[in-house]
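J.: take a look and give me a structure for this.
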Amino acid sequence: MSKQDKCRDSKKVLVTGGAGFLGSHLCEKLLREGYDVICMDNFLTGRMKNIEHLLGNPNFTFKKHDVTTYIEVRGSLDYVMHFASPASPIDYHKHPIHTLKVGALGTYNSLGLAKDKKATFLLASTSEVYGDPEVNPQSEEYWGHVNPVGPRSVYDEAKRYAEAITTAYHNVHKIDVKIVRIFNTYGPRMRIKDGRALPAFMCQALKNEPLTVFGDGSQTRSFCYVDDLIDGIYKLLMSDINYPVNIGNPNEISILDFAKEILSLTKSKSEIVFKELPVNDPKVRRPDISKARKLLNWEPKVTREEGLKKVLEYFRKELGI
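T.: Sure, this is the predicted structure:
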């Protein structure tokens, strides 16, 4: 019997932050794969709207809870997937202390639950652990270039600590752990005021407002469609890998060229305006996915052109356009 078949027999997963953008898509994926899913969220940045369509599913349970406090789940549990955390600059600037707490206390509590239940633990980490990188693309062996007291530090250092304590629980308590380093991801259920480039550009273009580009727009990003990302995370969960793995799309584009793509796609009349680059804003962001390709047989399938067409309809609906 394969590990995947064995895990499907067990069938019980807790997803913290399950009402968020990525968490809700992950819950859907797990339900499709035949698991019983417990979704936990305190709605700091998650939304009930993201999971309303799942509430009637007999294999889906929602628990409102702040994971920075003790987590209690009755009965057996086979997986704990820790996705709870503000993830965009607008959110962690608004909630800096809670961002640090959910990365530290939330990870500690989630690991404690996994230890008690003898469950596999998966941490949703981030490309932000690389900070403003001095190498491009970023491989898992790169240690990063992070300002520990800068404006992005509450998120960057929270995730770096989360990786450290996850690794320590694996080394000391022999917990089966997975660490996914998530690169820029987009898709339905992104919040229109998320603060990141894609939703900002989409909303500005659709409303024929100026597109705001920070700096000269030469900084780069790599955008992965959410379905591809979730597929990669699931493959990592089913693997025997206990060290960090990058999951993202290595197709890199400058922010200025990306803004122009959005204008072309939306046929917007908006102009592009330039504003000062935020402090410690990463100049490059591109994943080296060699490990994911080799060890998980995973790579993104949805091109940026295809993905943007899909997400365009979502933003039109959200804006009522």
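J.: what residues are up against Asn57?
T.: Leu31 (Cβ atoms under 8 Å, 6 or more residues apart in numbering). Glycine gets a C-beta too; all of them are placed from N, C-alpha and C.
J.: that one falls within a helix, correct?
T.: No. Counting by DSSP: H, G, I helix; E, B strand; the rest coil, Asn57 is not part of a helix but coil.
J.: tell me how far it lies from Ile233.
T.: With the distance defined as Cβ to Cβ, to the nearest Å, Asn57 ends up 20 Å from Ile233.
J.: helices of the stretch 51-200 of the chain, start to end?
T.: 89-94, 96-117, 153-173, 197-206 (DSSP state H, counting those that start in this stretch).
J.: nearest to Lys294, out of these?
T.: helix 153-173 (21.1 Å; Cβ to Cβ).
J.: helices or strands next to the closest one in the packing?
T.: In terms of contacts (3 or more Cβ pairs under 8 Å, 6 or more residues apart in numbering; DSSP states H and E), helix 153-173 is packed against helix 89-94, helix 96-117, strand 120-126, strand 177-182.
J.: what's the mean pLDDT across that helix?
T.: The pLDDT scores in helix 153-173 average 98.
J.: and the angle for it with helix 96-117?
T.: 20 degrees (axes from the mean of the first three to the mean of the last three Cα atoms, to 10 degrees).
J.: endpoints of stretch 28-44, how far apart?
T.: 21 Å (Cα to Cα, to the nearest Å).
J.: and the contacts of it?
T.: For stretch 28-44, the surrounding residues in contact (Cβ under 8 Å, 6+ apart) are 8, 11-20, 23-24, 27, 51, 54, 57, 59-67, 71, 73, 77, 79, 84, 86, 91, 95, 98, 230-231, 234.
J.: and for stretch 296-305?
T.: 223-225, 227-229, 231-232, 235-236, 239, 241, 245, 247-249, 251, 253, 261, 289, 292-293, 310.
J.: restrict those residues to the buried ones and give me that as a PyMOL selection.
T.: In PyMOL, a selection of the buried entries from the contacts of stretch 296-305 looks like this (16 or more other Cβ atoms under 10 Å):
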select buried, resi 223+224+225+227+228+229+231+232+235+236+239+241+245+247+248+249+253+289+292
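J.: same list (the helices of the stretch 51-200 of the chain) but as CSV, adding distance to Ser139 and mean neighbour count.
T.: Below are these laid out as CSV (distance: least, Cβ to Cβ, whole Å; neighbours: other Cβ atoms under 10 Å):
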stretch, distance to Ser139, mean neighbour count
helix 89-94, 24, 18
helix 96-117, 23, 21
helix 153-173, 15, 19
helix 197-206, 23, 22
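J.: which one, of those helices, ends up nearest to Lys283?
T.: Nearest to Lys283 among those is helix 197-206; the distance by Cβ to Cβ comes to 13.9 Å.
J.: off-centre distance for stretch 197-215?
T.: On the basis of Cα atoms, centre = their mean, to the nearest Å, stretch 197-215 sits 22 Å off its chain's mean C-alpha point.
J.: tell me the strands in this protein, going along the chain?
T.: Under the criterion DSSP state E, strands of the chain are mapped to 12-16, 36-41, 60-64, 79-82, 120-126, 177-182, 185-186, 211-214, 220-222, 224-225, 244-247, 252-254, 272-275.
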